[in-house]
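Asks: Got a predicted structure here, sequence first:
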Amino acid sequence: MKPIKILPLLCLFALIYSAVATTDDAWTAPARAAAKKNPIAADAASIGRGKTVYTAECVTCHGASGKGDGPQAKDLEKNPGNLTKLQGQSPGALFWKVTEGRKPMPSLGQKLTEQQRWDVVNYIQTLSK
Ligand code: HEC
C-alpha cells in the first residue's frame with residue numbers, strides 16, 4: 001500500500017517544482033546592465049549597420065520581421081519570441097541579452113564588437129515601429 005500513498009505526494013512536488021521552474025524562466029537583464037546607456041546614437045547610419053548585423057547573425061532564428069519565424073526557428077527547443085514586442089525593455093537590457101545569450105540564443109559578446117551589438121539593438125528597436 002505504501003507506494004500508492006506516496007504517489008499523490010510525488011505528484012504534488014512535481015507540480016510545485018514545475019510552477020517554480022516556470023516562474024524562473026522569465027529572462028530579465030540585471031538592473032545594472034539594463035541601466036547602461038547606449039553610447040551609439042540611433043541614427044540612420046547605426047540602424048543601417050545594425051540591419052546588416054541582424055541579417056547576418058539573427059535572421060535565421062528571429063525572422064526578417066523579428067516575429068520569431070526565421071527558417072531555423074522551428075528546430076529550436078525554444079521559440080525566439082517576438083522582437084516587435086519588447087515591451088519597453090531598455091537598450092541596455094537588450095544589449096546585455098545579445099551579449100550574454102541564453103540557450104538556444106547564442107552569446108554574441110565574442111563574435112560581435114561592442115559597436116555592432118549597440119547597432120543591432122538600435123535596429124531591433126525599429127522593428128516594433
Ligand atoms: C540560434 C537562434 C538564434 C539566433 C541566431 C539569435 N537568437 Fe535571439 N533569441 C533566440 C531565442 C530562442 C530566444 C529566447 C531565449 C529565452 O527566452 O530564453 C532569443 C531571445 C532574444 C532576445 C530577447 C527577447 C525578449 O523578449 O526579451 C533578444 C533581444 C534577441 N534574442 C536578439 C537577438 C539578436 C539581436 C540576434 C543577432 C545578433 C539574435 N538574437 C540571434 C534565438 C536566437
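Replies: The structure has been received and is ready for your questions. The model shown is predicted, which means the values in this text are computed figures rather than measured ones.
Asks: Just give the nearest non-adjacent residue to the residue nearest the centre of the chain, would you?
Replies: For the chain, the residue nearest the mean C-alpha position is Lys97 (5.8 Å; CA atoms, centre = their mean). Once flanking residues are discounted, Lys97 sits nearest to Ala29: 6.2 Å by CB to CB, 6 or more residues apart in numbering. No exception for glycine: its C-beta is placed from N, CA and C like everyone else's.
Asks: Model confidence score at that neighbour, please.
Replies: pLDDT, Ala29: 97.
Asks: Mind telling me what element it is part of?
Replies: Using DSSP states H and E, Ala29 falls within no helix or strand.
Asks: Just the CA atoms of the strand or helix carrying the residue nearest to the centre of the chain, as CSV, please.
Replies: Lys97 is part of helix 91-100, with elements assigned from DSSP H and E. Taking Å, rounded to 0.1, in the frame of the first residue of the first chain, the C-alpha atoms of helix 91-100 are listed here in CSV:
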residue,chain,number,x,y,z
PRO,A,91,18.6,49.4,-24.8
GLY,A,92,21.0,48.3,-22.0
ALA,A,93,18.8,45.3,-21.3
LEU,A,94,18.7,44.3,-25.0
PHE,A,95,22.5,44.8,-25.3
TRP,A,96,23.0,42.5,-22.3
LYS,A,97,20.8,39.8,-23.8
VAL,A,98,22.6,40.0,-27.2
THR,A,99,26.0,39.9,-25.3
GLU,A,100,25.1,37.0,-22.9
